[in-house]
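**Student:** Pasting a predicted model and its sequence here:
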Amino acid sequence: MKCKNCGKLITGKKVFCNKSCAAIYNNKKRKKKKYIITCSSCKKEFEVFGWQNSGRRICDKSYECQYCKKPLQKNRKKFCSEECYIKWDYKNRYKKRENNRKKRKIRLKLKLIKLKDNKCSICGYQKNSGALVFHHEDPDKKNFRLSIENIAYREWEEVLKEAEKCVLLCANCHSKVHYIEENIIIHKQGCFFCGKPLPKGKRKYCSQICKARAWISREKKKLRKEEINYSY
């Protein structure tokens with residue numbers, strides 16, 4: 001006779017060689033009991049058959065990488081590599097943080113715009129808040145530019161003090177105002193090299209000769225600085 005489980009030769013009327021073989025053979029034929037367990041990592045219910053697997057606390061999906069879904073190594077718990085973790089973090093967390101920051105910046109800018117009557121002080125434009133800009137009437141009193149980043153990352157009292165020095169303008173009117181101011185300053189100063197009054201159409205130098213001389217003097221200054229640094 002041969003053992004029904006392992007196939008060893010047996011003397012006598014016995015069916016199995018020992019008790020362990022008998023238990024293994026009977027357990028295979030017996031219907032396995034179904035257990036429903038909640039996973040400790042993903043916290044979802046999964047089914048398990050047999051009392052041997054009743055002590056499991058993690059499902060099969062939790063043994064996979066959360067980003068690429070490859071099988072994990074022994075030391076790894078959620079991600080197969082650092083690259084997968086960085087990609088997963090950018091997809092799920094970093095984008096949400098960025099969106100929240102943008103919303104906060106826009107909310108604070110709209111709060112400031114409401115204090116200035118929600119429109120351009122020259123033409124009355126009020127359709128889009130993105131086209132509205134804060135213009136300093138006196139540039140000498142300007143401490144910082146009222147951009148979205150400065151509004152968001154500075155103290156609110158400091159921002160309000162700076163807003164009192166400003167006028168709300170649309171982008172079109174703001175560019176016109178600055179163009180007029182720049183032209184007045186340049187024509188008052190004259191040529192940057194010789195100081196003579198500028199002719200029409202010229203912005204920095206009265207002629208190409210002054211432009212060339214200014215470039216030569218600039219290059220000489222650079223050479224002197226290099227010589228001084230080399231000597232030390």
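**Tutor:** Yep, it's here.
**Student:** And this structure, what are its domain boundaries?
**Tutor:** 64-115, 116-219 (automatic domain parsing).
**Student:** Columns mean pLDDT, mean neighbour count and distance to Thr11 on top of those, output as JSON lines?
**Tutor:** Placement of C-beta: from N, CA and C, glycine included. Shown next, in JSON lines, are those (pLDDT from 0 to 100; neighbours: other CB atoms under 10 Å; distance: least, CB to CB, whole Å):
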{"stretch": "domain 64-115", "mean pLDDT": "82", "mean neighbour count": "13", "distance to Thr11": "46"}
{"stretch": "domain 116-219", "mean pLDDT": "80", "mean neighbour count": "14", "distance to Thr11": "89"}
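**Student:** Please produce CSV containing the ones you listed, extended by distance to Met1.
**Tutor:** What follows is the domains of the chain, written out as CSV (distance: least, CB to CB, whole Å):
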stretch, distance to Met1
domain 64-115, 44
domain 116-219, 86
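**Student:** So which of those is nearest Leu9?
**Tutor:** Set against Leu9 and scored by CB to CB, the domains of the chain come closest in domain 64-115, at 40.9 Å.
**Student:** end-to-end on the closest one?
**Tutor:** Taking CA to CA, to the nearest Å, the first and last residues of domain 64-115 lie 54 Å apart.
**Student:** Then stretch 194-211?
**Tutor:** End-to-end distance for stretch 194-211, by CA to CA: 10 Å.
**Student:** Could I get the full set of helices for the protein?
**Tutor:** Ranges of helices in the chain, per DSSP state H, are 19-29, 82-89, 95-115, 148-153, 156-163, 171-189, 208-231.
**Student:** Select, out of these, the one closest to Ile122.
**Tutor:** helix 171-189 (4.5 Å).
**Student:** what's near enough to touch Cys17?
**Tutor:** Applying CB atoms under 8 Å, 6 or more residues apart in numbering to Cys17 gives the contacts Cys3, Asn5, Cys6, Lys8, Ile10.
**Student:** right, I mislabeled it, should have said Phe144
**Tutor:** Counted by CB under 8 Å, 6+ apart, Phe144 has contacts Asn150, Arg154, Glu162.
**Student:** surely Asn133 meets Val167?
**Tutor:** Careful, residue 133 is Val; it's not Asn. No: the criterion here is CB atoms under 8 Å, and Val133 misses it with Val167 at 9.6 Å.
**Student:** Now do Met1 against Ala23, distance only.
**Tutor:** 19 Å (CB to CB, to the nearest Å).
**Student:** Could you count how many residues lie near Asn27?
**Tutor:** 12 (other CB atoms under 10 Å).
**Student:** Need phi/psi at the residue lying closest to Pro199 once chain neighbours are set aside.
**Tutor:** With sequence-adjacent residues excluded and distances taken as CB to CB, 6 or more residues apart in numbering, Pro199 is closest to Cys206, at 6.5 Å. Main-chain torsions, Cys206, degrees, to the nearest 10: phi -80, psi -20.
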